[in-house]
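In: predicted model, plus sequence, below.
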Amino acid sequence: MGSVEEPAYLYKDVSQSPAGSMVTSARGMYLTLENGQELLDATCGAAVSAIGHGHERVKKAIISQLNQVEYCHPGYFPNSPAVQLAEYLVQSTEGRMSRACILGSGSEAVESAMKLAQQYWTELTPNSPRTRFIARKGSWHGCTLGALSLGDFKPRKAPFGNILHSNVSHVSACDPYHGLREGETIPAYVDRLKQELEDEFQRVGPAKVAAFFLEPVVGTALGCVAALPGYLQAMREVCDRHGALLIFDEVMCGMGRTGTLHAWQQDGVAPDIEIVGKGLGAGYGPISAVLINDRVINGFKAGSGYFLHGQTYMSHPLGCAAALEVQRIVKEDSLVENAQKMGDYLGGQLKLHLGNHPYVGDVRGRGLFWAVEFVGDKQTKAFLDPKLALSKRLQVKGMQKGYDICMFVANGAADGWNGDHFLLSPPYNVTKEDVDEIVRRVVKVIDSVFEDLAL
């Protein structure tokens, strides 16, 4: 045993104490650390804190619910916040979805959606051959085994390949920066992706596919890549042709983050099953939800009428009370509209100040969900040497005093393993002055890191 006592707490690193200082307080867009440093939380954690930190109305709603009932078994007793939240979610889809199942994390919700899809087919036809799922390259759906199998974030997935599901295959994402060929039009590109999905159905066997999963705006793995016009409709047509379900993972991009409450509303193409999280409770409680349309519900009604799923903390009263109040605030303060307006401004400022940077390849996003991808060569889009550890350098520099900004960094957009990018996802109540400050600090960090690298 070593002479230095090791910490009991484990997040990821088993050999070191937790990195960084503790957060002692948070208000609005700012986190205060135990060393007195104040950080601008420009990413809402991981696109979570949609209305900022420390909102008094949400805290009061949680305390009020705590004074009534903090927990009751969801299999025995419904609770009012859960019922009200489900009603709100269904109504927000304007009739396109009909039920909402309230869960905890986004990964849990993805797993539940997979089970819903699988059971739907067995309700219609016992021993149904529809046991296959198709997802997309460059996606991230969560860290549990089913969700990890669906995703394609290679650094997180590869170590567990021997225990992942074998009934999942992947097609290309709608990623024009990396996928659009020279001289190819957007309609032609969408048609090519449509044909690729059709070909995968044929390869697997159309009657074997249960569902196709996709993120309407890809989050962590590719960095805020939005579906091109016509793409979601094209994917819908392929799924409909073969009777498969279409499932949208909006855990990161949904609930107002990209300028409409549901990201798919900008394209007018609704899924059969939708998964939401993060912005739903805005960090005031661990909560997610699966929204289900009439087609799937009617399939269950025609069979057992019973979804074979249950978890201890489903429909948790405190999380539901928090999420319900968050959504009331978002609606009353027109924060989705502000996310669209300020998102346009944020994107414009990023392009203005970084678009001509010699190592910035792409600035992309929608609403308050933006990413900047770095390259070693703008013409070839070749990635920078991974040994430079650019993403990590950006994160560390941003956390230093004098820079004081949280940047959500990631790798892999270039080929699954390589490439550096960062995400910005400020709260929906951000102002023009806030955006200016975010961009100022981001540019300062980037300039300093590349000065250190001396490329």
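Out: Structure's in. What do you need? Residues are numbered from 1 along each chain as shown.

In: using PDB, write out every CA atom in stretch 419-439.
Out: Taking C-alpha atoms only, stretch 419-439 is exported to PDB below (Å, rounded to 0.1, in the frame of the first residue of the first chain):
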ATOM      1  CA  GLY A 419      -9.700  15.400 -35.400                       C
ATOM      2  CA  ASP A 420     -10.300  18.100 -32.800                       C
ATOM      3  CA  HIS A 421     -13.400  20.100 -32.100                       C
ATOM      4  CA  PHE A 422     -15.200  21.900 -29.300                       C
ATOM      5  CA  LEU A 423     -18.800  22.700 -28.600                       C
ATOM      6  CA  LEU A 424     -20.500  25.800 -27.200                       C
ATOM      7  CA  SER A 425     -24.000  25.500 -25.800                       C
ATOM      8  CA  PRO A 426     -24.900  28.400 -23.500                       C
ATOM      9  CA  PRO A 427     -28.200  28.700 -21.700                       C
ATOM     10  CA  TYR A 428     -31.300  29.700 -23.600                       C
ATOM     11  CA  ASN A 429     -31.600  33.000 -21.700                       C
ATOM     12  CA  VAL A 430     -28.200  34.200 -22.900                       C
ATOM     13  CA  THR A 431     -28.000  37.800 -24.100                       C
ATOM     14  CA  LYS A 432     -26.100  39.500 -26.900                       C
ATOM     15  CA  GLU A 433     -23.600  40.800 -24.300                       C
ATOM     16  CA  ASP A 434     -23.100  37.300 -23.000                       C
ATOM     17  CA  VAL A 435     -22.500  35.900 -26.500                       C
ATOM     18  CA  ASP A 436     -19.900  38.600 -27.100                       C
ATOM     19  CA  GLU A 437     -18.100  37.700 -23.800                       C
ATOM     20  CA  ILE A 438     -18.200  34.000 -24.700                       C
ATOM     21  CA  VAL A 439     -16.700  34.600 -28.100                       C
END
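
In: buried residues, that stretch. List them.
Out: 419-430, 434-435, 437-439 (16 or more other C-beta atoms under 10 Å). Every C-beta, even on glycine, is put in place using the N, C-alpha and C of the backbone.

In: show only the entries of those residues found in helices.
Out: When DSSP state H defines the helices, the subset of those inside them is 434-435, 437-439.

In: wait, what's in contact with residue 191?
Out: Residues in contact with residue 191 (C-beta atoms under 8 Å, 6 or more residues apart in numbering) are residue 234.

In: what comes up buried for the host helix or strand of it?
Out: Assigning secondary structure by DSSP states H and E places residue 191 in helix 186-204. Neighbour-count burial for helix 186-204, with 16+ other C-beta under 10 Å as criterion, is recorded at 189-190, 193-194, 197-198, 200-201, 204.

In: what about it, distance to the chain center?
Out: 24 Å (C-alpha atoms, centre = their mean, to the nearest Å).

In: the next helix or strand after it packs against which elements?
Out: Scanning forward in sequence from helix 186-204 by DSSP H and E, the next helix or strand is strand 209-214. Where contact means 3 or more C-beta pairs under 8 Å, 6 or more residues apart in numbering; DSSP states H and E, strand 209-214 is packed against helix 106-124, strand 132-136, helix 231-242, strand 245-250.

In: partner strands of strand 209-214, with direction?
Out: Take DSSP bridges as the rule and strand 209-214 pairs in its sheet with strand 132-136 (parallel), strand 245-250 (parallel).

In: return the most buried member of these.
Out: Among the strands paired with strand 209-214, strand 245-250 has the highest mean neighbour count (mean count of other C-beta atoms under 10 Å), at a mean of 28.

In: quick one, which of the helices and strands packed on strand 209-214 is nearest to residue 315?
Out: Residue 315 lies closest, by C-beta to C-beta, to one member of the helices and strands packed on strand 209-214: helix 106-124, at 12.2 Å.

In: average model confidence for that closest one?
Out: Averaging pLDDT along helix 106-124 yields 98.

In: list the buried residues for that helix?
Out: For helix 106-124, using 16+ other C-beta under 10 Å, the buried residues are 106-114, 116-123.

In: what are the buried residues along the one helix or strand in the chain whose mean pLDDT sits lowest?
Out: Lowest mean confidence among the helices and strands of the chain (mean pLDDT, DSSP states H and E): helix 154-157, at a mean of 92. For helix 154-157, burial by neighbour count (16+ other C-beta under 10 Å) applies to 154, 156-157.

In: could I have that helix exported to PDB, CA atoms only?
Out: Provided in PDB are the C-alpha atoms of helix 154-157 (Å, rounded to 0.1, in the frame of the first residue of the first chain):
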ATOM      1  CA  LYS A 154     -14.900   4.900 -31.300                       C
ATOM      2  CA  PRO A 155     -12.600   5.800 -28.400                       C
ATOM      3  CA  ARG A 156     -15.400   5.100 -25.900                       C
ATOM      4  CA  LYS A 157     -16.800   2.000 -27.700                       C
END
